[in-house]
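Engineer: got a sequence here, can you model it:
(2 chains, ligands or ions: 2)
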Amino acid sequence: MTTVMSKSVSAPGKSIIEKLNVFTAVALGAISAIVVWRLSLAFLPQDADSALIFSREDKITLLSMCAWFVGFMTGIGALVGPFRWLMGKDLSHEENMFLAGKDMGPKRYFRYTTDHKVVGIQYLFITILIFFLGGTLAMLIRTNLGTPEGGWLHAQAYNSIVGTHGILMIVGTIIMVTGPFGNFIMPIMIGARDMAFPRLNALSFWLIVAAAIPLLWGQFIGGITTGWSAYNPLASQAPLGMDGYIMYICIFAISTMVAGANITTTVVKMRAKGMTWNRTPIFIYGTVASVALALPAFPVFFLSQVLSAFDRALGTSFYNTKLGGSGWLYENLFWLMGHPEVYVILIPSLAALMEMAPVFTRRPLFSFNVAIMGIAGISGLSVLVWAHHMYISGWAPLLNAPFMLTTELISIPTGMLFLVLIGTLWRGRLWMTMPLMSIFALLWNFMIGGITGIYLSDVPADGFLHGSMYVTAHFHYTLMGAGLTGALASLVYWFPKMTGRMFDKTLSWISFWMVQIGFNVAFVGMFMVGLAGQPRRVESYAPTFNTANMVTTAGAYIIMIGMLVLLYGVISSARSGVKAPKNPWQAKTLEWTVDYPIPLENFDVLPTVTSDPYGYGKAQS
Amino acid sequence: MSVETHAHHEHPDVVGSRNRLGVILLLVADIAFALSMMFVYFYLRGQNVNDMWLPAATSDHPAITPLSASPGWTVTAIAAFGLLAHFYGLKGVRAGNQTQLKLGSLVAFVASAVALVYQFNTIATAPFTFNDGAYVSCFYMFAILNFVHLALTVFISLGNWNRSRLGLYVSDHWHVDIVRVWWVWMVVSSLLGAFALSYP
Ligand code: HEM
Ligand SMILES: [Cu+2]
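Structural biologist: Residues are numbered from 1 along each chain as shown, chains lettered A, B, ... in the order given. Ligands and ions are numbered 1, 2, ... in the order given. So this is what the prediction gives:
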């Protein structure tokens, strides 16, 4: 830091760059929000008594939230780059080194730092925070559902807790692999010095921080009472808290798009010399498939929320049937994003486990090409199945059969990925680590998640199952049982590279078993009540469902303890774990060739790749 | 460590092609956004829920008639003129003619600003209130989001002109090439909106 600061640089923006950090960002965001709030209170005209839609409060809320957003991003320094470009005074070498956090120490984690390793750790931190909050809400839900009569939480609060838990966890799972590991590990794995667009990388992270505040804010102005899917017209009639959801999604969508363009460009353009496509690790494919799928999907979500905001704050009628709008329009937009999104979550986790499978079986990945075909097939089909969420909504009943077909077709590429994992494990010399155990856990959980998905894709069966706890159990088996399992394995696997220390083995095992056992207990119980007809998102239920609900709640507490053990493991191992050797797992990908601490530019000399990373011997059956 | 800091190690063509891909990928997202808007328009138009696409006259409200499509086409034409001017500047810099670059990018900037003002005016003088039915909602959707697009274009073309003026594109000019990609998409997206609004 001192070396950089003491250099006298003529460029005028330099001093600004040095002053900005998360505190200036919060301050500027808060001041802007308060100023705009007061101004709009003072100057926005009252709704006329005869108005069809009362929208003044929504205008004030949304304007204040936008002001927060603009203030925060300005305060963190996101606009410095664009304005310097505009003025024709591009950032100098020293300034870029400063932005990359050169010699800055821990302070760089609180700034608009461009080093991909810093961004990776920042993402890890915010992912843990999101899961901590979302998990706390889950425990509130399960505690309330411990007894049939409910009432432990106020019903309105309960609804908001369900919706907030849902959308927090969706965002958490979307970023849980491509955020921490896609940023920290991926560039090193492909032999690059950084991401293609380091400033955009910082942007995508800080946008998520900026988005979090409206969501929290929303909790205090009525909450998010619609569930995570925020169906209209329910959402347009919901309290002001809905505006927090809208802002959260819009800002998060921008973050996703920026990250998607950045990660894809990095992989396409910056792989090491000799890293041809068939020598590129499978994790890289998974990461790119995920972000590239999100790239066209999230704008649809974005638009759906912009129109929601228009309906609420301007009184337009995109979703208001009385004035010519349509709730089905919202459902289509939402699920056009929503289904691809579940694979945005799943694919990188699966790919990470496919990356680990050869390492812990000491065998090549069983059919690299089938793995890629599987990933491509899933990505391609995933945009053609969205209406399986709308079978009984009454929208286009004639299309139910075709959508049933496309949905069931997805099982084929999904099955390919199963075969790749099983084929790699088959007769391998298994090295029983927590990541390897996670592969078994994924196979088990995703088998249940996938097969229940096939039941749900069956139109007559879904007529009974839709809207029940069965759906909730299905998607927890996929998102948590498969997705989160892969992310936790990634954490243990790459922990040595990210912190220089090994993750405590005992703690990783204890937490693994508690989470997996608790998980299966909890969600088998949920399948049972779902099959018996308990609707989802209810605050109280008929006494006949009581036993299985108590089982689920007990399972949830086991998960919670397992997760707390894991959290303790993260903290204690990062502070005082065993120092990790350079390549503790004897893996062959490039990230294991660099020493800890990893230098700012990762490699002194960029590596050249001469073979694929799975050369552990011949694949024999 | 950022790539820009490495720019002096890397050939401008490498940096340029990387940036170009990045912009194209961001445009994929923007295109998805624009296509969703088309979907919204034609979905609501096709459904005509409660006959409220263009509400008929009632006792206290005259019938809603669609706005003439010409403002949509006019703003597109102004933007297209900006695109041509940018093209002209780009051709200039490719031929090593800095004056032509400066002129072209200045005209492009002015065109974007004019289009922005014109688009604002269309919104401000529209003879509707927001709750005049689904067509009117869609009109505002296209007009407001095109306005946002144009505002971005003003920023970009101002920067492009300013940088040309300062002589930053003497040794390499990939920025100017990429700005063209944006301009092309700006015009196409505006055209999509004008096209939709021509079929009320
Ligand atoms: C890749 C893993 C998967 C994930 C992450 C996933 C996720 C989800 C989510 C989040 C929902 C519920 C949305 C809601 O209503 O709130 C859902 C519902 C559904 N899933 Fe999956 N799913 C996966 C795999 C599958 C598979 C393989 C199939 C079919 C073969 C499938 C079929 C369905 C169907 C038909 C529904 C709609 C059920 C209803 O609402 O009635 N899913 N899934
Ligand atoms: Cu789906």
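Engineer: wait, is A:Trp509 part of a helix?
Structural biologist: Yes: under DSSP: H, G, I helix; E, B strand; the rest coil, A:Trp509 sits within a helix.
Engineer: and the closest residue to it other than its chain neighbours, how many residues sit next to it?
Structural biologist: In this structure, A:Trp509 finds its nearest non-sequential neighbour in A:Met434, 6.1 Å apart by Cβ to Cβ, 6 or more residues apart in numbering or on different chains. Backbone N, C-alpha and C define where each C-beta goes, glycine included. A:Met434 has 24 neighbouring residues, counting by other Cβ atoms under 10 Å in any protein chain shown.
Engineer: my read is that A:Met434 contacts A:Phe512, right?
Structural biologist: Yes: counting by Cβ atoms under 8 Å, A:Met434 does reach A:Phe512; the two are 5.1 Å apart.
Engineer: B:Ala126 - that's part of a strand, no?
Structural biologist: No: looking at B:Ala126 with three-state DSSP, it is coil, so not inside a strand.
Engineer: now do the contacts for it.
Structural biologist: Residues in contact with B:Ala126, defined by Cβ atoms under 8 Å, 6 or more residues apart in numbering or on different chains, are B:67, B:139-140, B:143.
Engineer: thinking again about what came up before, distance check, the residue nearest to A:Trp509 against A:Leu442.
Structural biologist: 12 Å (Cβ to Cβ, to the nearest Å).
Engineer: ok, now A:Ser576?
Structural biologist: 30 Å.
Engineer: who's more crowded, the two?
Structural biologist: Taking neighbours as other Cβ under 10 Å, A:Ser576 and A:Leu442 compare with A:Leu442 leading, 25 against 9.
Engineer: please report phi then psi for residue 197.
Structural biologist: Just so you know, I chose chain A. phi -130, psi 90 (degrees, to the nearest 10).
Engineer: skipping adjacent residues, who's closest to it in space?
Structural biologist: A:Asn262 (5.0 Å).
Engineer: quick one: contacts for that neighbour?
Structural biologist: A:195-197, A:200-201, A:204, B:22.
Engineer: go through the chain and flag its longest helix.
Structural biologist: Went with chain A since none was named. helix A:327-361 (DSSP state H).
Engineer: please go with chain B instead
Structural biologist: helix B:12-47.
Engineer: ok, then the element right after that one?
Structural biologist: helix B:70-94 (DSSP states H and E).
Engineer: same question for that next one, mean pLDDT?
Structural biologist: The average pLDDT within helix B:70-94 is 97.
Engineer: kindly report the same for stretch A:454-467.
Structural biologist: Mean predicted confidence for stretch A:454-467 is 96.
Engineer: please apply the same query to stretch A:412-429.
Structural biologist: 94.
Engineer: how about low-confidence regions in chain B?
Structural biologist: Confidence mapping of chain B against pLDDT under 70 gives the ranges B:1-9.
Engineer: if I pick A:Val344, what's in contact with it?
Structural biologist: A:174, A:290-291, A:293-294, A:297.
Engineer: and which of those residues is nearest ligand 1?
Structural biologist: A:Ile174 (10.8 Å; Cβ to the nearest ligand atom).
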